[in-house]
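Chemist: Test case, fold it:
(chains A and B)
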Amino acid sequence: MRKIRINGRGEFPGVVEAEALVSVKPLEGFTNCNPNRGCTTERNHPLFKVPYTGKVLVYPSPRGSGGFMSYGVGDKKPAAFIHTEGCPLSVACAMVARIPSMTDFEIDPLSVIETGDLVLVNADEGYIEITKRD
Amino acid sequence: MAHTIFLTDEEKRLLDGGDGLVAQKCMQYLVEVCQVSGAERLIDLDGTGDFHSPMTSMAAHYEFPIEELEKIVAQGAHFKIPTFANKAPFYAQAPIHGWEKCNLCAQQDPAQCQSDPEFHKIAMRDEWYELYRKMGMLTSHSCANYMHATYLPTIGQHCSWNESSAVPYCNAVLGARSNIDGSFATCYLGKAAYYDMHITENRYATVLVKTERLIKSDIEWDVFGFAVGEDAGVHVPVLTGTGKPTTTQFMKLNSAMNTGGAVRMYHIPGSTPEAPTLEAALGGKQPKRETMVGERELKKAYDTLNYRTGDDVDMVYLGCPHLTVVDLMLLARKLEGKKLRIPLWIMTAPWLYEVARSQGYLKIYEDAGAHVLTGTCLAAMGAVPDGVKRLAVDSAKQSYYITGCYPDDDNRLEVCYGTTDDCIDSAVTGKWRGEWR
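Modeler: You can find the predicted model right below:
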């Protein structure tokens, strides 16, 4: 099993290991996230209605309104957030979710992580370790 | 991995509880914003603020009960900066005006029907706003407070706003400085985490946007904004080759860019105050990227904003963001003497309701069969009236969000998106005839 480690900046602390769910398109919240069902409801989105509950949710960047924080609301939330770039939307989301969150990686995590990979997120020490499915 | 956060002696005192529980909670919240964002200190705010109320924090971890608010109000507590209420009271988002005919239930929950007088009374959350007004809150309840507040921050002032469509107005149009972080904590303490758009270096453009057509009509600015947002993401674009936007067009551009992307700041050389020239917008550097938002991209965005399989329209919705007094005047001119076949809802800010009445606009709308509401929107209420399966709108933002409330095949909502005139035509005929031109 191939393992890859990438250093980054811990936003919200914590350590967790779970399967990755990768969004190649930026995620949008507010009405385009349904925290009661734990999925994005954005029309045209590759992850339309795909459950993120308990996953390491990997995405390029947040977009849309302050309702982006919906991704961190309730008990259907992901296990962790990993994102390439951020802005105040992802800051607020991490604080609402209170789950390990990381960004500012030395290489783009989306270039390595695929849906289904096992990802150890160590936001305390500032790295992720990806176990590829193969 | 935590980085060092520099606090003043006064801030340390607040954090240690020296000024009571509420101030301590607010400081703890702000310190955590620094930890998550990477900010190394706080900035004292000298501009204005707004927040989603009445919650004392959007993060449940930092909320405190009304009894604690009562205590500090009894001691004479005030917001440190001029503070406005963003939209109708959460989470029901009940209309401030026009609720009697608002025949839908918040979040499609039968227990939260907006036209029910008992529900409306509870949804207004008066017990909170009585306290907030004593603290100085201006209960404007609009997503577009900057259009209705009659009081704006000036160039360079540090603010704390919390509305994605409004923040670019603060940064790009006014030249003041705000992240999307308005909260009880920032407004009460008059402090915010010093990062992102508070810092000069982060405000320069890094993406040079070109276009093939002179962007000049309302719908062109709206569609252009959505396309630019999708392209620029979280980066600061400089927009070239466009006309000079009107106030309404700035509102459309801002709301659309923050639907397609997360554009807190942008420049239009010759129009926005931090861009007297292209070079100034770029901070004297080369752009990291150039991009073309041309005919192909505009058509693609227009097609994305239309989400329909037919031409029969059940309802028309105008007012995202909340309409200005000039928008209301123009709409009255368009609707005068018309008879509408299907419901048309017009959304504006509560503070403009009596203005619309005294100007004679309400009567014109009502005579045509349209209905005016204030303070909220369909997407914020999370619903459309029962039986509405195809909605017409003139707002990229409303188009793209409202369908998220109806993701299932057996209850899908479709959207026709076009100009205000296209929408009015569909209100008169019940048919959609808009197209990209």
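Chemist: Can you spell out which helices and strands pack onto the strand ranked longest in chain A?
Modeler: Secondary structure of chain A per DSSP state E: the longest strand is strand A:15-22. Packing partners of strand A:15-22 (3 or more C-beta pairs under 8 Å, 6 or more residues apart in numbering or on different chains; DSSP states H and E): strand A:56-59, strand A:80-83, strand A:118-122. In short, each C-beta sits where N, CA and C put it, glycine included.
Chemist: What lies in contact with that strand?
Modeler: Strand A:15-22 has contacts (C-beta atoms under 8 Å, 6 or more residues apart in numbering or on different chains) with A:47, A:50, A:52, A:54-59, A:78-80, A:82, A:99-100, A:110, A:113-124, A:130.
Chemist: Buried only: go through the residues you listed for me.
Modeler: Among these, the ones that count as buried by 16 or more other C-beta atoms under 10 Å in any protein chain shown are A:47, A:52, A:54-59, A:78-80, A:82, A:99-100, A:110, A:113, A:115, A:117-123, A:130.
Chemist: which residues are contacting stretch B:45-52?
Modeler: Contacts to stretch B:45-52, defined as C-beta under 8 Å, 6+ apart, come from residues A:66, B:58, B:79-87, B:90, B:140, B:145, B:149, B:151-154, B:157-163, B:166, B:170, B:176-178, B:182-184, B:186-187, B:190-192.
Chemist: all strands for the chain, in order.
Modeler: All of this is about chain A. A:3-7, A:9-12, A:15-22, A:27-28, A:33-34, A:39-40, A:56-59, A:62-63, A:80-83, A:101-103, A:118-122, A:127-131.
Chemist: Can you look at chain B instead?
Modeler: Using DSSP E, strands in chain B cover B:42-44, B:49-52, B:83-86, B:191-193, B:207-210, B:237-239, B:289-292, B:315-323, B:344-348, B:370-374, B:390-393, B:414-417.
Chemist: Who are the contact partners of the spatially closest residue to residue B:274 that is not a sequence neighbour?
Modeler: Among residues not flanking residue B:274 along the chain, residue B:175 sits closest, at 5.7 Å (C-beta to C-beta, 6 or more residues apart in numbering or on different chains). Residue B:175 sits next to B:154, B:155, B:156, B:272, B:273, B:274 when contact means C-beta under 8 Å, 6+ apart.
Chemist: Do I have it right that the third one meets residue B:176?
Modeler: Pointing back at residue B:156 there. Yes - counting by C-beta atoms under 8 Å, residue B:156 touches residue B:176, with 6.8 Å between them.
Chemist: Those two - which one has more neighbours?
Modeler: Applying other C-beta atoms under 10 Å in any protein chain shown to residue B:156 and residue B:176 shows that residue B:176 carries more neighbours, namely 24 against 14.
Chemist: Which residues are in contact with the nearest residue to that one once chain neighbours are set aside?
Modeler: Excluding the flanking residues, the one nearest residue B:176 by C-beta to C-beta, 6+ apart is residue B:153, at 3.8 Å. For residue B:153, the contact set (C-beta under 8 Å, 6+ apart) comprises B:47, B:48, B:159, B:170, B:174, B:176.
Chemist: neighbours around the fifth one, how many?
Modeler: Burial measure for residue B:174: 21 neighbouring residues, criterion other C-beta under 10 Å.
Chemist: How about the third one?
Modeler: Counted with other C-beta under 10 Å, residues neighbouring residue B:159 total 29.
Chemist: now swap in the fourth one and tell me
Modeler: Other residues lying near residue B:170 total 29 when counted by other C-beta under 10 Å.
Chemist: Need the pLDDT of it.
Modeler: Per-residue pLDDT puts residue B:170 at 98.
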